[in-house]
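Engineer: Need a 3D model of the sequence below.
(chains A, B, C and D)
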2 protein chains.
Amino acid sequence: MIYSSELLKGTLKTIVLKLLADNKKMYGYEITQRVKELTLDKIQITEGALYPTLHALESDGLVTTETEYIGKRVRKYYSLSPSGKNKTKEKVSELADFMETMKFLLDIKPKTT
Amino acid sequence: MIYSSELLKGTLKTIVLKLLADNKKMYGYEITQRVKELTLDKIQITEGALYPTLHALESDGLVTTETEYIGKRVRKYYSLSPSGKNKTKEKVSELADFMETMKFLLDIKPKTT
DNA sequence: ATAAATACATCAGATTATTATGTATCTTTG
DNA sequence: CAAAGATACATAATAATCTGATGTATTTAT
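Structural biologist: Numbers count the residues shown, from 1 in each chain, chains lettered A, B, ... in the order given. Have a look, this model is predicted:
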């Protein structure tokens, strides 16, 4: 099962920022794979969504980049800037708050695992 | 505080369906006010978002409508159709699942209220 | 009387995703 | 060793869905 695509909207940027906060530096392809892994294939970030998002984060000054070569293949690492770290805290806590609100609104009971 | 707008994307339809599941019938304006109330003003559904959504639900056969007149003012009530009831269950449980996944992904701890 | 609230609706513009396409390298496998 | 699949970047047309503005009209509160 993969979540219907509209659910990801609005959360992708937060996911990326949080991963970077936990991992110091990551490259694009690595992010797609990590998310796939962590979510047991339930969230698949497409490259068409990810790369523009990364570029936007960079032009907003939230991340910095460094390019590395693995053999002849290029790899672009992204790291949080100081303002990116602040932004991550804001976004994550906003999303947490939003999810609490949604839970209440939708009267979602925690699963009795 | 109002949530940044992108968070609502992808959840609006589910919110509307769930409200209709709980309330038999509601009209558009009422939905905006109910959500505002229930979320303590943190989620404000704009009319430009709501009405197209309601129209889409109707053309998908998920809701039926009946028009009432309160004095001279028109009021359009929306109710879930049978397929709308099923769809609501699906959407709500998908969203619940998604939120669990996001919680894990973002390592969000429950607030110690 | 006037402003605010109620109640519908549409539309231009912005944002942000999907899907397709393109380029290129490296690794696995029959 | 050739071909397929994985790795790794990127862009572009299209689609979906929201905001904010605008419009119409009635009812209620000041």
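Engineer: can we go C-alpha only for contacts and neighbour counts from here?
Structural biologist: Will do.
Engineer: Chain B contacts on chain A?
Structural biologist: Selection of chain A residues close to chain B by CA under 8 Å from any CA of the partner chain yields A:3, A:6-11, A:15, A:18, A:38-39, A:92, A:94-96, A:98-99, A:101, A:103, A:105-106, A:108.
Engineer: Show me these that map onto helices.
Structural biologist: A:15, A:18, A:38, A:92, A:94-96, A:98-99, A:101, A:103, A:105-106 (DSSP state H).
Engineer: Dump those residues to JSON lines, plus pLDDT, distance to B:Ala56 and neighbour count.
Structural biologist: Listed next are these as JSON lines, based on pLDDT from 0 to 100; distance: CA to CA, whole Å; neighbours: other CA atoms under 10 Å in any protein chain shown:
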{"residue": "A:Ile15", "pLDDT": "96", "distance to B:Ala56": "30", "neighbour count": "20"}
{"residue": "A:Lys18", "pLDDT": "96", "distance to B:Ala56": "34", "neighbour count": "22"}
{"residue": "A:Leu38", "pLDDT": "94", "distance to B:Ala56": "34", "neighbour count": "13"}
{"residue": "A:Val92", "pLDDT": "94", "distance to B:Ala56": "31", "neighbour count": "20"}
{"residue": "A:Glu94", "pLDDT": "92", "distance to B:Ala56": "29", "neighbour count": "18"}
{"residue": "A:Leu95", "pLDDT": "93", "distance to B:Ala56": "27", "neighbour count": "23"}
{"residue": "A:Ala96", "pLDDT": "92", "distance to B:Ala56": "29", "neighbour count": "21"}
{"residue": "A:Phe98", "pLDDT": "93", "distance to B:Ala56": "25", "neighbour count": "20"}
{"residue": "A:Met99", "pLDDT": "92", "distance to B:Ala56": "25", "neighbour count": "19"}
{"residue": "A:Thr101", "pLDDT": "93", "distance to B:Ala56": "25", "neighbour count": "17"}
{"residue": "A:Lys103", "pLDDT": "92", "distance to B:Ala56": "24", "neighbour count": "17"}
{"residue": "A:Leu105", "pLDDT": "92", "distance to B:Ala56": "22", "neighbour count": "15"}
{"residue": "A:Leu106", "pLDDT": "89", "distance to B:Ala56": "21", "neighbour count": "20"}
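Engineer: ok, for A:Gln44, nearest residue in space, not its chain neighbours?
Structural biologist: With sequence-adjacent residues excluded and distances taken as CA to CA, 6 or more residues apart in numbering or on different chains, A:Gln44 is closest to A:Lys36, at 5.5 Å.
Engineer: Tell me the helices and strands packed up against the helix or strand that contains the one you found.
Structural biologist: Assigned by DSSP states H and E, A:Lys36 belongs to helix A:28-38. Applying 3 or more CA pairs under 8 Å, 6 or more residues apart in numbering or on different chains; DSSP states H and E, one finds that helix A:28-38 contacts helix A:47-59, strand A:73-80.
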